[in-house]
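Novice: Fold the following for me, if possible:
(chains A and B)
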Amino acid sequence: MIKRLVAASAALASVAALAAPAYAAPVQPSVTTFTINGSVPATCNLANFSAASKNQILLGTAASNALGSASMIDSSTGKLNAKAVTVDVGANWCNGVNTKISITPTRLTTGAAAPSGFDNFVDYTLTTTFTEGQLDTQLNQTVTNATLGAFTHSDDKFTVTPDVTSDLLVAGSYTGNIVVTVTPTA
Amino acid sequence: MARITCLAAAALALPGAALATPASEGPAPTTAAFSLSGAAPKACGLGTAGQSTLDIGEMVDASTGELAAISNPPSTSITGSWCNTASTVSVVATPLVAQSFAGQPPTGFTKAVNYTATVSAWSTNAAAFATNGNEAGVQRDTTPGSQPQPAPTATTIDVAVGSFAAPAASDFLVADTDYSGAITITLTPNS
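Specialist: As a prediction, this is how the structure comes out:
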């Protein structure tokens, strides 16, 4: 019996001897951490701003933007009688919460000299769906780097309303502009 | 281990593509210029005449039957007249003609009285037209008198009449309760 036990112990010892090499050189786990980056740049889609069909505003005695009806005066009085005109620049968006906008409207002028009682310019107020209130060219009002933020607009508009004046307009072709700068900023 | 290295290199390559445009540069601003245009066509407008009729009164010298001396004839003004460019004012008139006297006047008589219409205060020099009707009231020359105005102008135009005369100095005036003529004033923008 004892012999058998000894034999059994020998067997156990043998097992131990077999297992011993595995603990002598343990395998260490290999861990690598990967960083995954991505970005969403501040972007705007203002495609209609530069479309030729959208960015021409024609003032006339009719409340439309139809090219060819460009007379701004009342033919019986010679005074400004241009109606407000709205140009629709459609859908626009910007995704940057700090997106800035600047708007500089400039009065319409003509090169002809204006004697007393006449004007050679036309002032107007500008309202837009980008800003509150209105900008009056007579007061040189502008918007400079105002925070516009992230937005999606389905139907942006610019409305130009000529100022009322008691002066006559000298004959000529009148031109002005509205410069809009949108800076996408995250 | 070699496989891990390859995988790591591939994984790191992905954000590298996103950084191809450095974030610090930022997207470019979008600028658009809306052009505004309109026109004031060349135009003129005559305002409102203070009087539409200038009544000369009785024109005959009762003692001679000829044209009387007409002193201080009425005048009028046209307020609120304007042209928004260089312009020309012109005037043309017809003689005072007896309206109820039909046919030719007898020899030695006239049914017409001539006069000069003058339009001033628009141009440097007044525009004038002298009627030149014969005894029957027929004019041989209807070329308007005109004067230029080189600048846009808005002012009151003065209209006067004078220099009344029969076609011949010795003409008798036929009797008629209504001698009438017309003065036409035109403002035209220069082309």
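Novice: Only C-alpha atoms from now on, for both contacts and neighbour counts.
Specialist: Fine.
Novice: residue ranges with poor pLDDT in the chain?
Specialist: Just going to use chain A. Low-confidence segments of chain A (pLDDT under 70): A:1-25, A:50-53, A:63-70.
Novice: Please refer instead to chain B.
Specialist: Checking chain B against pLDDT under 70 turns up B:1-26.
Novice: quick one, helices of it?
Specialist: B:2-18 (DSSP state H).
Novice: For the residue nearest to A:V170 when sequence neighbours are not counted, grab the count of nearby residues.
Specialist: Excluding the flanking residues, the one nearest A:V170 by CA to CA, 6 or more residues apart in numbering or on different chains is B:N84, at 4.5 Å. The number of residues packed near B:N84 is 27, by other CA atoms under 10 Å in any protein chain shown.
Novice: I'd say B:N84 and B:K42 touch.
Specialist: Yes: at 6.2 Å, B:N84 and B:K42 qualify as touching, with contact defined as CA atoms under 8 Å.
Novice: Could you tell me which residues touch both of the two?
Specialist: By CA atoms under 8 Å, 6 or more residues apart in numbering or on different chains, B:N84 and B:K42 have these common neighbours: A:V170, A:A171, B:P189.
Novice: Quick one: residues contacting the second one.
Specialist: Applying CA under 8 Å, 6+ apart to A:A171 gives the contacts A:A112, B:A39, B:A40, B:P41, B:K42, B:A43, B:N84, B:T85.
Novice: taking these one by one, which sit in strands?
Specialist: B:A39, B:A40 (DSSP state E).
Novice: Could you single out the nearest of the contacts of A:A171 to B:E135?
Specialist: When these are ranked by distance to B:E135 (CA to CA), B:A43 comes first, at 39.3 Å.
Novice: from what I can see that closest one touches B:N84, true?
Specialist: Yes: here B:A43 reaches B:N84: they are 6.0 Å apart, a contact under CA under 8 Å.
Novice: what residues are shared contacts of these two?
Specialist: What both B:A43 and B:N84 touch, as defined by CA under 8 Å, 6+ apart, is the set A:G78, A:A171, B:P189.
Novice: List the neighbouring strands of the lengthiest strand in chain B plus their orientation.
Specialist: Looking across chain B with DSSP E, the single longest strand is strand B:153-165. The pairing partners recorded for strand B:153-165 under DSSP bridges are strand B:76-83 (antiparallel), strand B:112-120 (antiparallel).
Novice: Quick check: buried residues in that strand?
Specialist: Going by neighbour count (16 or more other CA atoms under 10 Å in any protein chain shown), the buried part of strand B:153-165 is B:T153, B:A154, B:T155, B:T156, B:I157, B:D158, B:V159, B:A160, B:V161, B:G162, B:F164, B:A165.
Novice: what's the answer for stretch B:133-150, then?
Specialist: Quick answer for stretch B:133-150 (16+ other CA under 10 Å): B:G133, B:N134, B:E135, B:A136, B:G137, B:P144, B:G145, B:S146, B:Q147, B:P148, B:Q149.
Novice: That one close to chain A?
Specialist: No: for stretch B:133-150, no contact with chain A is found by CA under 8 Å from any CA of the partner chain; the gap never falls below 11.3 Å.
Novice: gap between the closest residue to B:A160 other than its chain neighbours and B:V159?
Specialist: Spatial nearest neighbour of B:A160, chain neighbours left out: B:S75 (4.6 Å); criterion: CA to CA, 6+ apart. Taking CA to CA, to the nearest Å as the measure, B:S75 falls 6 Å from B:V159.
Novice: Over to B:T142?
Specialist: 18 Å.
Novice: right, and out of the shared contacts of B:A43 and B:N84, which lies closest to A:V179?
Specialist: For the shared contacts of B:A43 and B:N84, the nearest to A:V179 is A:A171 (25.9 Å; CA to CA).
Novice: From B:L54, how far out is the closest one?
Specialist: Applying CA to CA to A:A171 and B:L54 gives a distance of 34 Å.
Novice: wait, doesn't A:A42 sit right on A:K100?
Specialist: No: in this structure, A:A42 is not within contact of A:K100 by CA under 8 Å, at 11.2 Å.
Novice: okay, and the common contacts of those two?
Specialist: Contacts common to A:A42 and A:K100, judged by CA under 8 Å, 6+ apart, are A:P184, A:T185.
Novice: what's the span of stretch B:45-59 from first residue to last?
Specialist: Start and end residues of stretch B:45-59 are separated by 34 Å (CA to CA).
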